[in-house]
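[1] Sequence unavailable; structure follows:
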RNA sequence: GCUGAGGUGGCAGAGUGGUUAAAUGCAUCAGACUGUAGAUCUGAUGUCUGAAAUGACUUCGGAGGUUCGAAUCCUCCCCUCAGCA
């Protein structure tokens, strides 16, 4: 097995930019396009590593910022690195902390499009880096491109992401440019630090090479997105991450952004899109040649009582209603499912759907049994992974567009 | 039968003369959620009109009564629970 990171393209859809491939890492291969579940604090909430493997998950996404705060990097190192700590000896990708520049910058649950300076913000951004206030205890911590790289090396993840400034939506072009320029400066510092660390680690610890993805920003401005794409692509990154997407802008805008970016990316490098993954989004991403994407949506929705289904009808207040073409969830908490004998999704082969009725999951959810969260999370991840498997197959058969059309418009 | 406690909106449960159409929780309905400060958050929830209520109407076991005004005070009745016979 190749112990180093590399990416192999395998098929390219004839009528779109969709492609299949394999990302090789020191901890195994990732079949792409791939959905990457998010395990922020070292666990995909409620699921075990074995379950994730059974569900077909190749890559696991962990957040550096959260692990850094708790349990802390020293603990991870003492216990043999993040892979061993988590009992996940497969590919691992870590976020840089960049997203917290965005998410901690605003008070909890505030609307997405408020102005920049708000009370309750837990971050202070400067050119040097970002000062975070821990959401646990208020203590202050500084993240810089350099220490983010060091942290990710210490965690030992297979794919690192360069520290970036995740631009919120709705900002002016001037603000977006400032944020993008900062991301670019940070990208250079990230690369440089990453190389230093690679050299020192390979010489001193014979450690396998860790990959680094550079992050594109530029908000919803065409010239900025293009500039960022060209800039990030021109450096020696192992892959490209697309950030600042789905931060409040609409789906149409996100698609426009992808349309600007996609043609400018080096074909031979894997592209990861950060933080997107509603069912209909998946087709947009894959259609623009995105190879992997992480998203909390399947697991978070599961905990809120939503189950993915291709079924286009939903019981609402005692009546069966046609869902919107991009709506793929049912709310299992509704009383309407009290006696529903069928599985969450009639075509799903997951453990939940093979063994339990909607009524049972509804019941467990209403009485807040922990098993409910597991059953729903299991199902939603299975649903995503099956979807991606179908998509990969369709690409190999040059029928990605038919697959997309079937999912988005020909449901029944 | 005696003694004591009590009967409040779908349920539990505050309130003991006016700011009470009635706290709070649950339930129900609706909305939000996309590199997880989230097993979370927001709103609605007597009826009717209305885009909206400082609008109208009907509510706190039942029937009367006192009062400018009652879920709250008085009388009678019905019912529930606990203890004792």
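    Sure, I can see it. Just so we're clear, the structure is a prediction, and the values are computed from it rather than from any experiment.
[2] is it true that residue A:29 lies in a strand?
    Yes - counting by DSSP: H, G, I helix; E, B strand; the rest coil, residue A:29 falls inside a strand.
[3] can you pull the contacts of it?
    When contacts are counted by CB atoms under 8 Å, 6 or more residues apart in numbering, residue A:29 touches A:22, A:23, A:58, A:91. Heads up, the C-betas are built off the backbone N, CA and C, glycines and all.
[4] Restricted to strands, list those residues.
    Those of the contacts of residue A:29 mapping onto strands are A:22, A:23, per DSSP state E.
[5] quick one: the helices in the stretch 51-200 of chain A?
    Remark: helices assigned in the stretch 51-200 of chain A by DSSP state H, counting those that start in this stretch are A:64-69, A:73-78, A:81-86, A:98-103, A:145-155, A:173-204.
[6] Tell me which residue is most central in chain A.
    Geometric centre of chain A, nearest residue: residue A:294, 1.5 Å, by CA atoms, centre = their mean.
[7] Tell me what that residue is bridged to.
    With DSSP bridges applied, residue A:294 shows beta-bridge pairing to residue A:36.
[8] how close does the residue nearest to residue A:83 when sequence neighbours are not counted sit to residue A:53?
    Closest residue to residue A:83 apart from its sequence neighbours, by CB to CB, 6 or more residues apart in numbering: residue A:89 at 5.4 Å. To residue A:53, residue A:89 is 10 Å away according to CB to CB, to the nearest Å.
[9] Same check on residue A:282?
    Applying CB to CB to residue A:282 and residue A:53 gives a distance of 21 Å.
[10] quick one: which of these two has more around it?
    Using other CB atoms under 10 Å as the criterion, residue A:282 and residue A:53 rank with residue A:282 on top: 23 against 13.
[11] any weak-confidence spans in chain A?
    Counting by pLDDT under 70, chain A has low-confidence residues at A:1-2, A:109-119, A:206-207, A:412.
[12] what's the domain layout of it?
    Each domain of chain A is listed here as a residue range: A:6-295, A:304-409, per automatic domain parsing.
[13] who wins for proximity to RNA strand B among those?
    Nearest to RNA strand B, of all the domains of chain A, is domain A:6-295, at 2.3 Å by CB to the nearest atom of the strand.
[14] can you give me the end-to-end distance of that closest one?
    End-to-end distance of domain A:6-295 (CA to CA, to the nearest Å): 23 Å.
[15] check contacts around the nearest residue to residue A:34 once chain neighbours are set aside.
    Computed as CB to CB, 6+ apart, the closest residue to residue A:34 that is not its neighbour in sequence is residue A:292, at 4.5 Å. Taking CB under 8 Å, 6+ apart, we find residue A:292 in contact with A:23, A:30, A:32, A:33, A:34, A:35, A:36, A:59, A:270, A:271, A:272, A:273.
[16] again, but for residue A:86
    A:39, A:42, A:43, A:49, A:60, A:62, A:92.
[17] One more pass at 7 Å, please.
    Residues near residue A:86 by CB atoms under 7 Å, 6 or more residues apart in numbering: A:42, A:49.
[18] same deal with residue A:253?
    Here residue A:253 is in contact with residue A:220 (CB under 7 Å, 6+ apart).
[19] In three-state terms, label it for me.
    Assignment for residue A:253 (three-state DSSP): helix.
[20] quick one: it from residue A:289, how far?
    Distance, residue A:253 to residue A:289, by CB to CB: 19 Å.
[21] Over to residue A:240?
    According to CB to CB, residue A:240 and residue A:289 sit 10 Å apart.
[22] Common neighbours of the two, please.
    residue A:271.
[23] Make JSON lines out of the helices of the stretch 51-200 of chain A and add distance to RNA strand B.
    Listed next are the helices of the stretch 51-200 of chain A as JSON lines, based on distance: least, CB to the nearest atom of the strand, whole Å:
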{"stretch": "helix A:64-69", "distance to RNA strand B": "7"}
{"stretch": "helix A:73-78", "distance to RNA strand B": "17"}
{"stretch": "helix A:81-86", "distance to RNA strand B": "14"}
{"stretch": "helix A:98-103", "distance to RNA strand B": "3"}
{"stretch": "helix A:145-155", "distance to RNA strand B": "9"}
{"stretch": "helix A:173-204", "distance to RNA strand B": "9"}
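[24] export those to TSV and tack on distance to residue A:321?
    Formatted as TSV, the helices of the stretch 51-200 of chain A follow (distance: least, CB to CB, whole Å):
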stretch	distance to residue A:321
helix A:64-69	38
helix A:73-78	48
helix A:81-86	41
helix A:98-103	33
helix A:145-155	46
helix A:173-204	39
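[25] Nearest to residue A:135 among these would be which one?
    Closest of the helices of the stretch 51-200 of chain A to residue A:135 is helix A:64-69, at 8.0 Å (criterion: CB to CB).
[26] Who are the packing partners of the closest one?
    Secondary-structure packing of helix A:64-69 (3 or more CB pairs under 7 Å, 6 or more residues apart in numbering; DSSP states H and E): helix A:145-155.
[27] gap between the helix it packs on and the chain center?
    19 Å (CA atoms, centre = their mean, to the nearest Å).
[28] and what of stretch A:37-56?
    Here the centre of stretch A:37-56 is set off from its chain's centre by 13 Å, with CA atoms, centre = their mean.
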